[in-house]
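A.B. asks: Here is a sequence together with a model predicted from it:
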Amino acid sequence: MRTRLHELIEQGQSPWIDYITRDIIKSGELQSLIDKGIRGLTSNPTIFEKAISSSKEYDEAFRELVQNGASQSEIYEGLIVEDIRMAADVLRPVYDETGGLDGYVSIEVNPKLAYDTEGTIAEARKFFQTIDRPNIFIKVPATDQGIPAIRQLISEGINVNITLIFSIDYYERVMDAYLEGLEQRVSEGKPIDKIASVASFFVSRVDTEVDKRLQKLIESEQDSQEKSELESLLGKAAIANARIAYQHFLKKFQGERWESLKAKGARVQRPLWASTSTKNPAYRDVMYVEELIGPDTVNTMPPQTIEAFLDHGKVARTIDKDLDQAYAVIEKLESLGISMKEVTDKLQADGVKLFADSFDSLDKVINEKRETLMAELKDRQFANLGSYEGK
């Protein structure tokens, strides 16, 4: 069955799903989405927090881990690693059919390590070795401390999905870290043809923050024409920012430096559009998909955005459309005192905190459930002991 997702693929864009629960894997829903054109899966602490706290599919595995004396952290890792393995196995045919281009599943390092280079490297190594699947991405945030970790992990042959990219400056550093990691492997005589990486550039959150600042200017503006001009900028920053990022991608992956690596089998580090659900109900629900379609890109969407795009999405190459306007939007915002650096720095810090808070919430859920199950186990042991003594 040919769908709009298959039309995206024909444009050179890979549609992935930004969601995971054990339910969709076991029920066959993930396979159904693959049949409709989905070619990869991403996860994060917020997604796992919602999945594990709301689904009964984890109860049996949870109980078994508690009975085996697993600690709180061992329970967390045991549950998410199993989900990632199962999803990777379902997506493995896509990985094989595309020669390693797609079919990946992403798992994020502990968000509390976002500002810890060595801690990030150690956890990424552990996940990559423990999961033991070729179609795995380890997600590392694009913080100042995360970027050297990216370089090191790529040099070790570990696939990396760089997350929480908001600014062009950080995106440039991320791409350089990928190239430097490849160059390090080449200098050591190691192969680079099996290494994959994507750079997750967050989209809708940029509009959320910029629009908030624009609204303050609009509310204080008395001149109707000036107010109208300000209103025309609403909902424009995110797509402009992403389109400019794509131009940086095209420039980075050409020229002598890149051609030398490409000759040894290197793959481009594709830009991945993340946070593509529409937060503002006034905007078209698939705008962050429709407006960012182009070759060598990925768009990872939550289930509701996938459903909407399957129903009424329009497919055409748009990633390099109206580039002059994209640059003009950013320039205009800067002239109004809306600094994209301030916006993107805030969004990155907020993103790290959001994932860390989700991790804390999940940690609390696991702890409470573990204590309840341990108490039940202890009561059962006492009951069995009393029954035995009664004989």
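C.D. replies: Okay, I see it. Note that this is a predicted model, so its numbers are computed, not measured.
A.B. asks: how about the residue nearest to Gln184 when sequence neighbours are not counted, what does it touch?
C.D. replies: Take Gln184 and drop its neighbours on the chain: the residue closest to it by CB to CB, 6 or more residues apart in numbering is Ser155, 3.9 Å away. To be clear about C-beta, it is placed using only N, CA and C from the backbone, and glycine gets the same treatment. Counting by CB atoms under 8 Å, 6 or more residues apart in numbering, Ser155 makes contact with Glu180, Gly181, Leu182, Gln184, Arg185, Glu188.
A.B. asks: Narrow those residues to those that are buried.
C.D. replies: Neighbour counting with 16 or more other CB atoms under 10 Å marks Glu180, Gly181, Leu182, Gln184, Arg185 as buried within the contacts of Ser155.
A.B. asks: Where does Ala375 fall, secondary structure wise?
C.D. replies: Per DSSP states H and E: Ala375 is located in helix 340-390.
A.B. asks: picking up where we left off before, next step: the buried ones among the contacts of Ser155 restricted to helices.
C.D. replies: Glu180, Gly181, Leu182, Gln184, Arg185 (DSSP state H).
A.B. asks: just those residues now: which is nearest Glu172?
C.D. replies: For these, the residue nearest Glu172 by CB to CB is Glu180; the value is 12.4 Å.
A.B. asks: what are the ranges of the helices in the stretch 1-150 of the chain?
C.D. replies: All helices of the stretch 1-150 of the chain, identified by DSSP state H, counting those that start in this stretch, fall at 4-10, 22-26, 29-36, 45-54, 59-67, 72-97, 117-131, 146-155.
A.B. asks: Give the residue spans of the protein that score low on pLDDT.
C.D. replies: Scanning the chain for pLDDT under 70 picks out 379-391.
A.B. asks: Figure out how far the helix holding Ala375 is from the centre of its chain.
C.D. replies: How far helix 340-390 lies from its chain's middle: 23 Å, per CA atoms, centre = their mean, to the nearest Å.
A.B. asks: Let me know the angle separating that helix from helix 146-155.
C.D. replies: Going by axes from the mean of the first three to the mean of the last three CA atoms, to 10 degrees, helix 340-390 is angled at 70 degrees with respect to helix 146-155.
A.B. asks: angle of helix 340-390 against helix 45-54?
C.D. replies: Interaxial angle of helix 340-390 relative to helix 45-54 (the same axes, to 10 degrees): 30 degrees.
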